[in-house]
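Engineer: Predicted structure and sequence below. I'll ask about it afterward.
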Amino acid sequence: MTLASNLMIWALNGSFIMVALAQILAMIRLWIGPSVGDRILALDTMFINAIGLIVLLGISQGTQIYFEAALIIAMLGFVSTVAYARFVLRGDIIE
């Protein structure tokens, strides 16, 4: 193994650990968030962390299907966060 491949393995493993830790911390904020706004932001952060984990998995395995899955989760995460925020603020989603 070359130095570059060893560095890539270490960087991917470190990135997995850091993003997983960020996901756990976002789950804690979702659980104990004092306000609804904090919980909405924690949920959006969890979507972003899940996208990061999926992209890292795609890089480590060398396949492109994970990137397409990350795009779908990004779209669903954005739409669901906006819909939930509108529901909390206005009481309905569709005007």
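Structural biologist: Good, I have the coordinates.
Engineer: contacts, neighbours, all on C-alpha from now
Structural biologist: Fine.
Engineer: same for the longest helix along the chain, what does it pack against?
Structural biologist: Across the chain, the longest stretch assigned as helix under DSSP state H is helix 3-32. Here helix 3-32 touches helix 36-61, going by 3 or more C-alpha pairs under 8 Å, 6 or more residues apart in numbering; DSSP states H and E.
Engineer: what separates the closest residue to Gln64 other than its chain neighbours from Ala70, distance-wise?
Structural biologist: Distances taken as C-alpha to C-alpha, 6 or more residues apart in numbering place Gly58 nearest to Gln64, at 6.4 Å, with adjacent residues excluded. Applying C-alpha to C-alpha, to the nearest Å, the value for Gly58 to Ala70 is 9 Å.
Engineer: same check, this time on Thr2
Structural biologist: For Thr2 relative to Ala70 (C-alpha to C-alpha), the value is 30 Å.
Engineer: Equivalent analysis for Val79, please.
Structural biologist: Taken as C-alpha to C-alpha, the span from Val79 to Ala70 is 14 Å.
Engineer: low-scoring pLDDT stretches of this protein, where are they?
Structural biologist: In the predicted model of the chain, residues 93, 95 satisfy pLDDT under 70.
Engineer: switch to 80 and redo it
Structural biologist: Within the chain, the ranges that satisfy pLDDT under 80 run 1, 91-95.
Engineer: List the residues that contact Ile73.
Structural biologist: Taking C-alpha atoms under 8 Å, 6 or more residues apart in numbering, we find Ile73 in contact with Phe47, Ile51.
Engineer: sec struct for it, please.
Structural biologist: Ile73 falls in the helix class when you classify it by DSSP: H, G, I helix; E, B strand; the rest coil.
Engineer: State the distance from it to Tyr66.
Structural biologist: Distance of Ile73 to Tyr66, computed by C-alpha to C-alpha: 10 Å.
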